[in-house]
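Enquirer: What follows is a protein structure lacking sequence information:
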């Protein structure tokens, strides 16, 4: 069984930042990553300090992993499916992956993130982060005064269209699968001049790689636009390991943590990034990863001190 002082489940932005911080403390750190995180899909983050022209999630992951590996951090590709606490509080944790391999750590960080729900449309993924976006706080700026299509479903898509209206007066909402829109939302869209289309999407049109140019509907109708957002609701919060360990979660499955330390309600289990009560910002994921690592280090140092005292007592 692979053993470590700290196990980090998730090799995205929060997990990598924590791994770097813990590596600089010279702990034995193991990162277990399934390789399909949200950050691996984003082609460009444009609101980060130091990256005025944007940087892809894949680049950040690649550079971050190399930085962590130079500090002695070990990476394993696997999907953790089971986690249990060993013995009494402070005895550590055992995890098992889909591969059948087992892992043992004294402290645990869940940085498993979430996955956006979206249909498999030709052309969609190649535009993510470049001209198609998911977070209005991150990328609302990018649609300023541009014809923007919201590809969504039900109230989730309607809410996104309304939120973007203050950035541009040309917003079209395509309600894929025609889920119900509340009368309140429908009235507000009409008041704000948002074009509403209740029809399935068939294809994302791309003129040049990464450059969104519109959508093709199931009926064959084409709608041209310059930018797009997706908002289908029901994103998958990857917090099942927290549930297995008994950590407190919100009704929407995001993990509750102490605001100062990022520790969950289970001692020696931390959570950082989008799996927590999140703001979907890369910069916040980085900060939470570092914050959790700092407190994980404090816990490990305390464990070492207590173990040394115990050994001295036994010898005497």
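Expert: Received, thanks. Values in this document were obtained by computation on a predicted structure and should not be read as measured data.

Enquirer: quick one, strands of the stretch 151-300 of the chain?
Expert: 171-175, 195-197, 201-208, 211-217, 222-224, 227-231, 236-237, 269-271 (DSSP state E, counting those that start in this stretch).

Enquirer: Contacts for the longest one next, please.
Expert: The one in question is strand 201-208. 119, 121-124, 126-127, 132, 151, 174, 176, 212-218, 220, 222, 224, 228 (CB atoms under 8 Å, 6 or more residues apart in numbering). C-beta coordinates here come from the backbone N, C-alpha and C atoms, glycine included.

Enquirer: Neighbouring strands - and their directions - for that strand?
Expert: Next to strand 201-208 in the sheet, as set by DSSP bridges, lie strand 211-217 (antiparallel).

Enquirer: buried set for the partner strand?
Expert: By 16 or more other CB atoms under 10 Å, the buried positions in strand 211-217 come out as 211, 212, 213, 214, 215, 216, 217.

Enquirer: So the fifth one sits against residue 148, correct?
Expert: No: applying CB atoms under 8 Å, one finds residue 215 not in contact with residue 148, separated by 11.5 Å.

Enquirer: just checking, what packs against the lowest-mean-pLDDT helix or strand in the chain?
Expert: Lowest mean confidence among the helices and strands of the chain (mean pLDDT, DSSP states H and E): helix 282-315, at a mean of 84. In terms of contacts (3 or more CB pairs under 8 Å, 6 or more residues apart in numbering; DSSP states H and E), helix 282-315 is packed against strand 2-9, helix 13-24, strand 102-110, strand 269-271.

Enquirer: Buried residues, that helix. List them.
Expert: 282, 284-293, 295-297, 299-300, 303.

Enquirer: go on, stretch 255-264?
Expert: Buried-residue list, stretch 255-264, by 16+ other CB under 10 Å: 255, 257, 262, 263, 264.

Enquirer: The fourth one contacts residue 257, correct?
Expert: Yes: the pair residue 263 / residue 257 is scored as a contact, 6.3 Å apart, by CB under 8 Å.

Enquirer: show me where pLDDT drops low in the chain?
Expert: Applying pLDDT under 70 to the chain picks out residues 309-316.

Enquirer: Would you mind giving the domain segments of it?
Expert: Split into domains by automatic domain parsing, the chain comes to 2-116+235-315, 125-231.

Enquirer: Distance from the chain centre to the last one, please.
Expert: When you say that, I think you mean domain 125-231. Distance of domain 125-231 from its chain centroid, counting by CA atoms, centre = their mean, to the nearest Å, is 22 Å.

Enquirer: where do the helices sit along the stretch 1-150 of the chain?
Expert: Secondary structure of the stretch 1-150 of the chain (DSSP state H, counting those that start in this stretch): helices at 13-24, 57-70, 136-139.

Enquirer: As CSV, the helices and strands packed on helix 282-315 with distance to residue 202 and mean neighbour count would be great.
Expert: Shown next, in CSV, are the helices and strands packed on helix 282-315 (distance: least, CB to CB, whole Å; neighbours: other CB atoms under 10 Å):
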stretch, distance to residue 202, mean neighbour count
strand 2-9, 37, 24
helix 13-24, 33, 28
strand 102-110, 38, 24
strand 269-271, 39, 29
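
Enquirer: For the closest residue to residue 234 other than its chain neighbours, give its distance to residue 196.
Expert: The spatially closest residue to residue 234, leaving aside those adjacent along the chain, is residue 117, at 4.8 Å (CB to CB, 6 or more residues apart in numbering). Going from residue 117 to residue 196 by CB to CB, to the nearest Å gives 21 Å.

Enquirer: try residue 127
Expert: Residue 127 is 23 Å from residue 196, by CB to CB.

Enquirer: before we move on, the earlier item: overlap of the contact sets of residue 263 and residue 257?
Expert: By CB under 8 Å, 6+ apart, the residues touching both residue 263 and residue 257 are residue 270.

Enquirer: sorry, back to before: among the buried residues of stretch 255-264, which two are most distant?
Expert: 255 and 263 (10.5 Å; CB to CB).

Enquirer: out of residue 117 and residue 196, which sits in the busier spot?
Expert: residue 196 (18 against 14; other CB atoms under 10 Å).

Enquirer: Show me the beta-bridge partners of that one.
Expert: Here residue 196, judged by DSSP bridges, has bridge partners residue 173.

Enquirer: my guess is it meets residue 178, correct?
Expert: No: contact criterion CB under 8 Å: residue 196 and residue 178 do not qualify, at 10.9 Å.

Enquirer: re earlier: take the buried residues of strand 211-217 and write them to CSV, including distance to residue 67.
Expert: Output for the buried residues of strand 211-217, formatted as CSV (distance: CB to CB, whole Å):
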residue, distance to residue 67
211, 32
212, 33
213, 37
214, 40
215, 39
216, 42
217, 45
